[in-house]
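Participant: let's see this in three dimensions:
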Amino acid sequence: INTKIPNLDIVLGSKNLASIEAGGDKDFFKLSKSLEKLLKDYDEINIDCPPSLGYLTLNALIVSDFAICPLEPSIFALNGLVEIQSKIAEVQNKANSKLRFLGVLITRYFSNITIHAEAKQQLEQTLGDVLFKTVIRQNISLSEAQTSGQDILTYSPLSNGSSDYKSFVKELNFKISNLK
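Facilitator: Reported below is the predicted structural model:
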């Protein structure tokens with residue numbers, strides 16, 4: 001799908017992806033093979049994965065140069081982070097040595113909810129520079145944009161969600177440029 005943002009195209013997921021995740025086809029290089037045809041047409045390809053470590057996520061890690069872990073500030077998410085980091089290390093060792101874990105991005109953050117503030121503080125102490133400084137605040141515009149099938153920059157360019165994601169992209173680009 002072409003978007004209103006210049007040079008940005010989106011490929012949407014479908015119900016077929018759920019059946020692939022549950023099905024028997026376990027070709028862990030399927031996505032890599034499919035994307036090879038597109039690489040010449042794009043500078044970057046971003047893959048948004050389901051919040052699991054299943055087949056689709058493993059396919060994405062195998063084909064990716066970088067991984068970012070979005071994380072809601074909760075105890076369950078903190079526990080899952082160890083599993084994600086372990087799976088990334090496994091993929092690095094077995095299938096994709098160029099994969100770099102860039103960090104953790106806190107999303108759906110409410111500063112006035114005690115458990116969110118405590119989880120953020122714990123992540124800052126534990127992860128240090130692995131934690132992105134940008135935090136994506138919970139914002140109704142993000143949900144509305146998703147429901148309307150639009151990106152946040154088009155749907156509500158002045159919202160906190162738009163501002164937060166712009167800040168994140170700047171921080172991400174800075175981090176990647178310092179790797180080279």
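
Participant: for this protein, which strand is longest?
Facilitator: Counting by DSSP state E, the longest strand found in the chain is strand 100-109.

Participant: what mean pLDDT does stretch 128-139 have?
Facilitator: In this model, stretch 128-139 has a mean pLDDT of 95.

Participant: start to end distance for that stretch?
Facilitator: 26 Å (Cα to Cα, to the nearest Å).

Participant: and the contacts of the helix or strand just after the longest strand of the chain?
Facilitator: Reading on from strand 100-109 to the C-terminus, the next helix or strand found by DSSP states H and E is helix 114-127. Applying Cβ atoms under 8 Å, 6 or more residues apart in numbering, the contact partners of helix 114-127 are 71, 73-75, 77-78, 103-104, 106, 109-111, 131, 135. Backbone N, C-alpha and C define where each C-beta goes, glycine included.

Participant: can you list the residue ranges for strands in the chain?
Facilitator: 66-71, 100-109, 131-137.

Participant: now the angle from the shortest one to strand 131-137?
Facilitator: Interaxial angle of strand 66-71 relative to strand 131-137 (axes from the mean of the first three to the mean of the last three Cα atoms, to 10 degrees): 50 degrees.

Participant: okay, now the sheet partners of strand 66-71, with direction.
Facilitator: strand 100-109 (parallel) (DSSP bridges).
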